[in-house]
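J.: Here you go, sequence then predicted model.
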Amino acid sequence: MSYIDNIITSIEKRDAGQPEFLQAAKEVLESLRIIVDKDSTYEKAGLLERLVEPERAIVFRVPWLDDSGKVQVNRAFRVQFNSAIGPYKGGLRFHPSVNLSIIKFLGFEQIFKNSLTGLPMGGGKGGSDFDPKGKSDNEVMRFCQSFMTELYRHIGPDTDVPAGDIGVGGREIGFMYGQYKRIVNRFEGVLTGKGIGWGGSLARNEATGYGLVYIVEEYLNKKGDSFKGKKVSISGSGNVAIFAAQKLFSLGAVVVTMSDSNGYIYHKDGINMDTVKDIKLVKRERLTKYAEVHKDAVYKDAGKGRVWDIACDIALPCATQNELLIEDAKTLTANGCKIVAEGANMPTTLDATEYLISKGTAFFPGKAANAGGVATSGLEMCQNSARISWSFEEVDAKLKNIMIGIFGSIDDAAKESGKPGNFVIGANIAGFRKVAKAMLDQGVI
């Protein structure tokens, strides 16, 4: 049995109840066979055993008072996965689905994503099964303050720098940062995604969506092509989806779909982003409202159709993990889709990913395609450390250069591995090499 097979067998036994983590770990490990099987150094150093096990996993309760005065209790996590190349860096997710498996999968992916940016950031992730939806601002504040009352002792600007994720936006970051500052009596760059004027970076809200578009744009440019006239299908309607769509329209593409947990909209002439931004970012309502404003748009409830049923040239899954299934992959390729790039974390199931690649689809995994968010978080850390602020244009230019660099890294790694065009293998190998070298250099820790 090979070294990789031994590691897979080991984590299947040890982490049997963690399907999301196993999915992410197996996908990476399978990609690494190409280089690990040729070099016994990794096995001698027990490097993969260390790579798949978090350096630290913290589980804690979060008690808080709701508006009726009743005590509520949620479970929370912070998984500090790997600090070989820098302080732990990764978002906090507040969603009922959050559990240890999901946080470990996200933290594991973050190791390679952060490595690909070229910035000195390790991998981590955290969150809670708390649901901000339907809660008052005061309830969210009390939860965030209680959450940070425990988390603060495990983080710091040179130790672990959390950010936002699903369910954690500017409001939640603000409440958590206020509590952190109150406890430690220091104003420092311990969270990213902060508000403009108190340590936040311009372009952070746009970063993941813009970065997603930039990496695909670089691929198209290398092919002598562009977004002009391309029909794009997007899932999700949060920051990533909205700002990806906004950038796409500016480059001449036509975005025809967006979705939320209730269903999806299809607007054949292109979705009106002013309407979507008003519904989702201002009023925080459901996309059903879009079809009420635009009578020529079609809205379909979840269960009565899939966002991927719509013919497109490019598909950008930007909602959540495992949302693009094997049946969706077959539908997309049958309808002529040539590019799939992940705006969310692991939104494509493993069999769907394999199918798309087998059909010659240019597939960009989330650890490369959605790295723009954490890259700009890293730029926020730089600004905090230097006590300066860059303009939107400066941050955006740096972001674009980082995404162009990521494309070059994964393209080169894929070619060097004898798998040209396989950006899954390219991303895993390019991200792994930097982390592995740092781990070997630092000894057995």
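T.: Structure received.
J.: Just list whatever residues bridge to Pro162.
T.: Counting by DSSP bridges, Pro162 forms beta bridges with Gly90.
J.: State the phi and psi torsions of Arg50.
T.: When read as degrees, to the nearest 10, the backbone of Arg50 gives phi -70, psi -30.
J.: Just the pLDDT at Ile445, thanks.
T.: pLDDT for Ile445: 79.
J.: how near is it to Arg50?
T.: Distance of Ile445 to Arg50, computed by Cβ to Cβ, to the nearest Å: 8 Å. Every residue, glycine included, has its C-beta placed from N, CA and C.
J.: Thr208 now?
T.: Thr208 is 29 Å from Arg50, by Cβ to Cβ.
J.: Show me how this protein divides into domains.
T.: Domain segmentation of the chain under automatic domain parsing yields 3-184, 206-364.
J.: quick one: average confidence on the longest one?
T.: Meaning domain 3-184. In this model, domain 3-184 has a mean pLDDT of 97.
J.: For the domains of the chain, give me a markdown table that also has distance to Lys434 and mean neighbour count.
T.: Output for the domains of the chain, formatted as a markdown table (distance: least, Cβ to Cβ, whole Å; neighbours: other Cβ atoms under 10 Å):
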| stretch | distance to Lys434 | mean neighbour count |
| --- | --- | --- |
| domain 3-184 | 5 | 19 |
| domain 206-364 | 18 | 20 |
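J.: what's the closest of the ones you listed to Met439?
T.: Of all these, it is domain 3-184 that lies closest to Met439, at 4.7 Å by Cβ to Cβ.
J.: Checking the most centrally placed residue in the chain next. Helix, strand or coil?
T.: For the chain, Asn345 is the residue whose C-alpha lies nearest the centre (Cα atoms, centre = their mean; 4.3 Å). Of the three states, Asn345 takes coil under DSSP: H, G, I helix; E, B strand; the rest coil.
J.: which outside residues touch stretch 5-19?
T.: With Cβ atoms under 8 Å, 6 or more residues apart in numbering as the contact definition, stretch 5-19 has outside contacts at 1, 21-22, 25-26, 29, 48-49, 52, 100-101, 104-105.
J.: Can you show me the strands along the stretch 151-300 of the chain?
T.: 160-164, 231-235, 254-260, 263-266, 298-301 (DSSP state E, counting those that start in this stretch).
J.: Would you format those strands as CSV with distance to Ala375 included?
T.: Listed next are these as CSV, based on distance: least, Cβ to Cβ, whole Å:
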stretch, distance to Ala375
strand 160-164, 11
strand 231-235, 21
strand 254-260, 23
strand 263-266, 29
strand 298-301, 34
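J.: Out of the ones you listed, which is closest to Ala319?
T.: With respect to Ala319, and counting by Cβ to Cβ, the nearest of those is strand 231-235 at 4.5 Å.
J.: Contacts for that closest one next, please.
T.: Strand 231-235 is contacted from outside by 241, 244-245, 248, 253-259, 264, 307-308, 310-319, 323-324, 337, 343-344, 347, using Cβ under 8 Å, 6+ apart.
J.: starting at the chain centroid, how far to it?
T.: When distances are taken as Cα atoms, centre = their mean, to the nearest Å, strand 231-235 is centred 18 Å away from the chain's centroid.
J.: Could you do stretch 376-396 as well?
T.: Centroid separation for stretch 376-396 versus its chain: 20 Å, with Cα atoms, centre = their mean.
J.: just the helices in the stretch 1-150 of the chain please.
T.: Per DSSP state H, counting those that start in this stretch, the stretch 1-150 of the chain carries helices over the ranges 3-14, 19-36, 41-44, 47-51, 100-117, 137-151.
J.: right, and those - which one's nearest Gly69?
T.: When those are compared by Cβ to Cβ, helix 137-151 sits nearest Gly69, at 11.0 Å.
J.: pLDDT at the nearest residue to Gly164 once chain neighbours are set aside, what is it?
T.: Of all residues not flanking Gly164 in the chain, Gly193 sits nearest, at 4.3 Å (Cβ to Cβ, 6 or more residues apart in numbering). Per-residue confidence (pLDDT) for Gly193: 96.
J.: Just to check, Gly193 is in contact with Ala163?
T.: Yes: with contacts counted by Cβ atoms under 8 Å, Gly193 reaches Ala163, the gap being 4.9 Å.
J.: Give me the common contacts of those two.
T.: Ile173, Ser377.
J.: Turn the domains of the chain into TSV, including distance to Trp390.
T.: Listed next are those as TSV, based on distance: least, Cβ to Cβ, whole Å:
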stretch	distance to Trp390
domain 3-184	15
domain 206-364	13
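J.: Nothing else from me, thank you.
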